[in-house]
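S.K.: I need the structure of the sequence given here:
(one chain, ligands or ions: 1)
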Amino acid sequence: MDSEALKKYSALHPKPPGLTLQYGTAGFRTKAEQLDHVMFRMGLLAVLRSKAVVSTIGVMVTASHNPEEDNGVKLVDPLGEMLHPSWEEYATQLANAEEQELQKIITDICQKAAVNQHKDALVFIGRDTRPSSEKLSQSVIDGISVLGGQYHDYGLVTTPQLHYMVCCQNTQGQYGKATLEGYYEKLSKAFTELIKQSPSAGGSQRRLKIDCANGIGALKLSEMEPYFPKEVIIHLFNDGTKEKLNHLCGADFVKVHQKPPRGLDMKPNERCCSFDGDADRIVYYYKDATGHFHLIDGDKIATLISIFLKELLAKVPVHCVKTGVKHLHHKAQEFDVGVYFEANGHGTVLFSKAAETKIRQLAKEGKDDEKREAAKVLENMIDLINQTVGDAISDMLVIEAILALKGLTVQQWDAIYTDLPNRLLKVQVADRRVIVTTDAERRVVTPPGLQEKIDALVKKYKLSRAFVRPSGTEDVVRIYAEADTQENTDALAHEVSLAVYHLAGGKGAPPQP
Ligand code: G16
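M.R.: Residues are numbered from 1 along each chain as shown. I've put the predicted structure just below:
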């Protein structure tokens, strides 16, 4: 390592004095102007990680659903999964190191993680459409270069596309070609095959309205559209040409506010969906003939996909883990087929190597016609699903294919089960780390008395539950409540948010109903 060069370049990306950040639910996230040094240092860390695992590593510059002024960065591990938890700690140490400690921290990481400095390093970089992203990704490149790493800058891509590229590269093309054309071709080929097998194939047009959150999804869907089968017609809204990223639109807005995004003209019973800012989440919705809005969130997406796969496979057990797809992904890897979705629309399906091999073999050589056809459908599903991470484009195509194959309308899908009324709220506190949780974030351990208070409030309402946890991406505490009616749900959510405000050091004025 050339320590003089490190010193020189690091001084060009100075850390604001006293600033400490945490590698959170999806990497570092905060105001863009505080992130230059973090980007440079994540460039350094990506080189170390690449040398340690002797594979290509990804760095994505995005703050996904956060407001446009924020930004963030996360590392992508060799098979397209999130950075291994053991390295999150190194990321935090490196991001928070004072200038003069940087060299020592790097040496420490190399020792602890057995990094062979003589290995080559290759890093794939991608970024979202935020105004700050281009400059910040340049800082990542500075970090990579100063440690002698090579890089390939994909420029503007969705987060899941970058995960996909990393996986393709490290499987020597087995997972697909590490190019955007490779991604479009692989997904659209599988999608076209599935649509061909649907009862309405070649018949009526299938229309879908998509709110792109004024983000990268609009750009990438426009590029991909020519690859789609002719009967599938997509209409893009909030394409980023006029309004701000994630502002009053996008998957997070629609899920939290349970209302349509601004800028999408919705007619009764039309199938619509929203992506988030970096296109790794999706939620569906429609308005019925009376004008009532129906949200179809991640839970219902998981149900649709599970029911579809279950008909082709066996029984589906359910498990619960902490918030963050990084936790869900590892749980899902324990099964032959793992379906995971957060209610916010972030999720995917994983197939074990053994299951995939068996399905592909059956699709090719199966003696029984019915089983062979089922295996072919599954084989195309495997190719259509982005198994590296939740992917709004891929998930949308999976859903559209299933609806077509099963001949289901959006209303019939919605009617699979009825959600209890629910409400998500945010409360600002002086330090959100005072809230410590257990049992997959369903119970609060500290501050003392808060869980008892929540339990007492929940008892006042029928069919009720309420959970409280610190966000890993925003400086807030999240409240979730459900109960028998919307009125009771809102009252419960409000009372719980007041309890958080009073017992966990609320900032500013108390929450209003
Ligand atoms: C990220 C994570 C998701 C998580 C979300 C919100 O999503 O990947 O798993 O649900 O943050 O996390 P929290 O509620 O802790 O703030 P995204 O789409 O923002 O990258």
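
S.K.: what's the residue in the stretch 1-150 of the chain positioned nearest to the ligand sitting at in phi/psi?
M.R.: Among the residues of the stretch 1-150 of the chain, Ser64 lies closest to the ligand, at 3.3 Å counting by Cβ to the nearest ligand atom. Placement of C-beta: from N, CA and C, glycine included. Dihedral angles of Ser64 (phi, psi; degrees, to the nearest 10) stand at phi 50, psi -110.

S.K.: Test my guess that it contacts Ala26.
M.R.: Yes. At 6.6 Å, Ser64 and Ala26 qualify as touching, with contact defined as Cβ atoms under 8 Å.

S.K.: could you say what helices and strands the helix or strand bottoming out on mean pLDDT in the chain packs with?
M.R.: In the chain, no helix or strand scores lower on mean pLDDT, DSSP states H and E than helix 325-332, which sits at a mean of 80. Judged by 3 or more Cβ pairs under 8 Å, 6 or more residues apart in numbering; DSSP states H and E, helix 325-332 is in contact with strand 337-341, strand 347-351.

S.K.: where does the stretch 1-150 of the chain come near the ligand, residue by residue?
M.R.: Thr25, Ala26, Ser64, His65 (Cβ under 6 Å from any ligand atom).

S.K.: what's the closest non-adjacent residue to the second one?
M.R.: Think Ala26. Spatial nearest neighbour of Ala26, excluding adjacent residues (Cβ to Cβ, 6 or more residues apart in numbering): Lys74 at 5.4 Å.

S.K.: Tell me which residues touch the one you found, please.
M.R.: Going by Cβ atoms under 8 Å, 6 or more residues apart in numbering, Lys74 touches Ala26, Gly27, Phe28, Val59, Met60, Thr62, Met82, Leu83.

S.K.: average pLDDT across stretch 459-468?
M.R.: Confidence for stretch 459-468, expressed as mean pLDDT, is 97.

S.K.: Sort out which residues of that stretch are buried, please.
M.R.: For stretch 459-468, burial by neighbour count (16 or more other Cβ atoms under 10 Å) applies to Tyr461, Ser464, Arg465, Ala466, Phe467, Val468.

S.K.: where are the low-confidence patches of this protein?
M.R.: The model of the chain has pLDDT under 70 over residues 314-318, 320.

S.K.: which parts of the stretch 201-350 of the chain sit against the ligand?
M.R.: Residues of the stretch 201-350 of the chain lying near the ligand by Cβ under 6 Å from any ligand atom: Asp276, Asp280, Arg281, Thr323, Gly324, Val325, Glu342, Asn344, His346.

S.K.: For Glu465, what are phi and psi?
M.R.: For residue 465 the amino acid is Arg, not Glu. According to degrees, to the nearest 10, Arg465 has phi -150, psi 150.

S.K.: now the residues of the stretch 201-350 of the chain next to the ligand as JSON lines including neighbour count?
M.R.: Below are those laid out as JSON lines (neighbours: other Cβ atoms under 10 Å):
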{"residue": "Asp276", "neighbour count": "35"}
{"residue": "Asp280", "neighbour count": "32"}
{"residue": "Arg281", "neighbour count": "32"}
{"residue": "Thr323", "neighbour count": "21"}
{"residue": "Gly324", "neighbour count": "17"}
{"residue": "Val325", "neighbour count": "24"}
{"residue": "Glu342", "neighbour count": "19"}
{"residue": "Asn344", "neighbour count": "23"}
{"residue": "His346", "neighbour count": "29"}
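
S.K.: Identify, from those residues, the entry nearest to Gln93.
M.R.: Ranked by distance to Gln93 (Cβ to Cβ), these are led by Gly324 at 20.4 Å.

S.K.: Looks like Ser198 contacts Leu405 (just checking).
M.R.: Yes. Here Ser198 reaches Leu405: they are 4.8 Å apart, a contact under Cβ under 8 Å.

S.K.: for the stretch 51-200 of the chain, what spans make up the helices?
M.R.: Secondary structure of the stretch 51-200 of the chain by DSSP state H, counting those that start in this stretch: the helices cover 85-96, 102-112, 133-146, 159-170, 180-196.

S.K.: most neighbours per residue, which of these?
M.R.: Mean neighbour count (mean count of other Cβ atoms under 10 Å) peaks for helix 159-170 among the helices of the stretch 51-200 of the chain, with a mean of 27.

S.K.: can you tell if that one touches the ligand?
M.R.: No. Applying Cβ under 6 Å from any ligand atom, one finds helix 159-170 separated from the ligand by no less than 7.0 Å.

S.K.: going forward can the numbers begin at 44, since that is how I track them
M.R.: Got it, first residue is 44 now, which makes that one helix 202-213.

S.K.: what helices or strands is that helix leaning on?
M.R.: Counting by 3+ Cβ pairs under 8 Å, 6+ apart, helix 202-213 packs on strand 100-104, strand 113-119, strand 165-170, strand 193-199, helix 223-239, helix 435-449.

S.K.: Using the centroid of this protein, identify the residue furthest from it.
M.R.: Lys410 (39.6 Å; Cα atoms, centre = their mean).

S.K.: How is this structure divided into domains?
M.R.: Here the domain parsing of the chain from automatic domain parsing is 46-199, 223-457, 465-546.

S.K.: on that earlier part again, which of the contacts of Lys117 are buried?
M.R.: Ala69, Gly70, Phe71, Val102, Met103, Thr105, Met125, Leu126.

S.K.: Next, format those residues as CSV and append distance to Leu91.
M.R.: Below are these laid out as CSV (distance: Cβ to Cβ, whole Å):
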residue, distance to Leu91
Ala69, 20
Gly70, 16
Phe71, 16
Val102, 12
Met103, 17
Thr105, 22
Met125, 17
Leu126, 12
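
S.K.: Nearest spatial neighbour of Asp45, chain-adjacent residues omitted?
M.R.: Nearest one to Asp45, counting by Cβ to Cβ, 6+ apart, is Val189 at 7.5 Å.

S.K.: Do I have it right that that neighbour meets Glu47?
M.R.: No. Using Cβ under 8 Å, Val189 is not in contact with Glu47; the gap is 10.3 Å.

S.K.: Mind listing the shared neighbours of the two?
M.R.: Counting by Cβ under 8 Å, 6+ apart, nothing touches both Val189 and Glu47.

S.K.: Next, the contact list for Thr222, please.
M.R.: Met208.

S.K.: repeat for Ala536
M.R.: So Ala536 contacts Arg466, Leu467, Leu468, Ala509, Ile522, Tyr523, Ala524 (Cβ under 8 Å, 6+ apart).

S.K.: pretty sure it is in a helix, no?
M.R.: Yes. Membership of Ala536 in a helix is supported by DSSP: H, G, I helix; E, B strand; the rest coil.

S.K.: distance of it from Lys50?
M.R.: Remark: distance between Ala536 and Lys50 (Cβ to Cβ, to the nearest Å) = 51 Å.

S.K.: Which strands border the host helix or strand of Tyr328, and is each parallel or antiparallel?
M.R.: For Tyr328, the host element (DSSP states H and E) is strand 325-330. Here strand 325-330 has these sheet partners by DSSP bridges: strand 315-318 (antiparallel), strand 336-339 (antiparallel).

S.K.: Next, the angle strand 380-384 makes with that strand.
M.R.: Strand 325-330 and strand 380-384 are oriented at 60 degrees to each other (axes from the mean of the first three to the mean of the last three Cα atoms, to 10 degrees).
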